[in-house]
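J.: Here is my input; please provide its structure:
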Amino acid sequence: MLKIHQFFFFNVLGLFVAALFVASLISFISLKSMIIEEGKNRLIQSIELLEPQIATSSDLDSLAHSIAQKAHIRVTIVRENGDVIGESDTDKKTMENHSNRIEIMQAMSEPYGITTRYSKTLKTDFVYVAKKVSTQQGNLYFRLSMSLKSVMDHFYALWIKLFIAFSVLVAIALIIAYKISKKARYDILQITRYLDEVSAKNYRAILKPEHFREFLQISVMLKNLVKKLNNRDKQKRKHTAKLRLINKQQNDILSAISHEFKNPIAAIMGYAETLHDDLNIDPKIREKFLDKILSNTHRITLMLDRLALSVKLENNDLSIKPSLFELSEVCHDSISILQAKYPARSITYNGISKTVFADKTMIELVVTNLIDNALKYSEEEVSLTLSDNTLSISDKGIGIAPIELDKITSKFYRVQKNRWDNSMGLGLSIVSYILKLHDSELRIASTLGIGSTFSFPLENLIQKKGNAKK
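T.: Down below sits the predicted model:
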């Protein structure tokens with residue numbers, strides 16, 4: 001398959017060769033027609049001038065030679081029966097009977113007999129003009145003829161000139177075609193290199209065709225296409241990253257469920273098997289084991305409820321039901337519940353009376369989660385403070401590294417994964433989401449080795465009434 005510059009080159013060459021051939025053919029036909037027509041007119045005029053001499057001459061053969069020498073034309077004189085009695089260019093004795101010659105037959109009925117044909121005698125084409133003339137010897141046919149060899153000579157001379165002229169033009173055209181082809185190859189090479197760069201995902205490659213407007217238009221279209229490909233590639237990468245994240249989260253869910261449910265289920269199975277195998281076990285021990293089974297069952301229920309709540313929050317399938325309530329009472333209730341859960345720990349409260357408009361159950365879950373989280377990551381006193389505009393929970397625990405501050409509100413993320421086993425890392429994620437539903441936010445201030453403070457502002461919860469959010 002030809003390249004574009006080769007195709008262009010051969011087309012230009014073919015076009016000029018075809019033009020030369022057509023011009024030569026037209027020149028030959030036109031020149032031959034002109035000379036034949038001119039020859040016919042000349043021969044007719046000559047016959048008109050020479051007719052009186054023929055009518056009165058007694059030596060027609062000598063007259064034929066004399067006319068031929070002066071006018072440079074062939075002269076033939078034929079009797080009515082077709083015998084040649086006068087010939088200027090050849091021996092009349094060797095010539096055939098001319099009664100069947102077209103021009104002689106035409107002259108019998110018309111003023112002039114005219115034809116063009118090949119002469120076997122002189123081996124060339126001739127234009128023949130014959131006329132019937134009355135003489136002392138009776139009716140004769142006076143025929144003049146002119147060789148067309150000069151036509152071909154003129155044609156060849158003209159053709160050589162045309163060939164030279166066309167050769168020069170072809171050379172110029174080929175030089176121009178080569179330069180145009182070179183420019184086209186340059187622009188095509190630019191586009192090819194650009195496409196190679198794009199195929200290697202270099203979407204910032206530069207494309208600048210310099211010579212042809214069409215290639216410039218193609219480059220603009222290619223750049224627009226590459227821009228779309230770049231955007232799609234970015235979207236694809238984002239989508240792939242999102243799928244990986246979802247896959248990781250699913251793996252984290254399975255891992256968390258497997259890990260967090262393993263201990264309470266193992267405890268339940270152990271206590272239940274002991275009670276099943278030993279029917280005569282001491283009633284106090286039986287009661288203790290049953291309490292352990294109930295405790296672990298309650299623990300599993302709480303984890304399932306928390307996981308279900310997280311799924312609802314993730315799917316935006318949770319509605320808040322705001323109402324007016326006393327926030328300080330919610331704080332006291334949460335402290336009481338957790339104090340019973342951690343009897344050896346100290347939880348202090350410093351606060352004022354504060355009425356808010358929010359979903360009481362969700363806010364209680366927020367407070368409980370924050371206190372529970374502080375108790376798990378510290379061994380000293382945990383304090384809850386309710387001020388006019390903020391509720392905060394502080395601990396003196398391990399603290400949080402700056403690099404982890406943006407991660408701890410993510411699902412299934414824990415600062416120290418093996419520190420405790422009573423959570424799936426959903427607490428702060430749920431807290432953060434609930435606060436967003438209430439137009440608030442979770443704020444975290446922490447120093448490694450000193451402790452952390454988790455708080456959220458109350459401006460949008462104080463006496464704020466309106467429609468429930470979803």
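J.: packing partners for the longest strand along the chain?
T.: If you go by DSSP state E, the chain has its longest strand at strand 124-135. Strand 124-135 sits against helix 4-56, helix 102-109, strand 113-119, strand 138-147, with contacts defined as 3 or more C-beta pairs under 8 Å, 6 or more residues apart in numbering; DSSP states H and E. (Glycine included, C-beta is placed from N, CA and C.)
J.: Do me a favour and average the pLDDT over it.
T.: Mean pLDDT, computed over strand 124-135, is 87.
J.: Paired strands for it, with orientation please.
T.: Its sheet considered, strand 124-135 pairs with strand 113-119 (antiparallel), strand 138-147 (antiparallel) by DSSP bridges.
J.: now the angle from the longest one to helix 4-56?
T.: Yep, that's strand 138-147 we're talking about. 150 degrees (axes from the mean of the first three to the mean of the last three C-alpha atoms, to 10 degrees).
J.: end to end, how far does stretch 104-113 reach?
T.: 6 Å (C-alpha to C-alpha, to the nearest Å).
J.: Need the contact partners of that stretch.
T.: The contact list for stretch 104-113 (C-beta atoms under 8 Å, 6 or more residues apart in numbering) reads 44, 47, 78, 82, 98-99, 102-103, 114-115, 128-132, 141, 143.
J.: now with 7 Å?
T.: With C-beta atoms under 7 Å, 6 or more residues apart in numbering as the test, stretch 104-113 has contacts from Ile44, Val78, His98, Ile102, Glu103, Ile114, Val129, Ala130, Lys131, Lys132, Tyr141.
J.: Of all pairs in those residues, which one spans the longest distance?
T.: Ile44 and His98 (19.2 Å; C-beta to C-beta).
J.: Which one's more surrounded, these two?
T.: Just comparing Ile44 and His98: by other C-beta atoms under 10 Å the higher neighbour count belongs to His98, 20 against 16.
J.: Would you double-check that that one falls in a helix?
T.: No: His98 is assigned coil when assessed by DSSP: H, G, I helix; E, B strand; the rest coil, not a helix.
J.: That one and Arg79 touch, don't they?
T.: No: if you go by C-beta atoms under 7 Å, His98 and Arg79 don't touch, sitting 9.0 Å apart.
J.: what ranges do the helices span in this structure?
T.: 4-56, 60-71, 102-109, 149-199, 213-277, 283-314, 327-341, 360-376, 427-437 (DSSP state H).
J.: what's the closest of these to Lys123?
T.: Once these are compared by C-beta to C-beta, helix 149-199 is nearest, at 9.9 Å.
J.: Please name every helix or strand in contact with that closest one.
T.: Applying 3 or more C-beta pairs under 7 Å, 6 or more residues apart in numbering; DSSP states H and E, one finds that helix 149-199 contacts helix 4-56, helix 213-277.
J.: 6 Å - rerun?
T.: In terms of contacts (3 or more C-beta pairs under 6 Å, 6 or more residues apart in numbering; DSSP states H and E), helix 149-199 is packed against helix 4-56.
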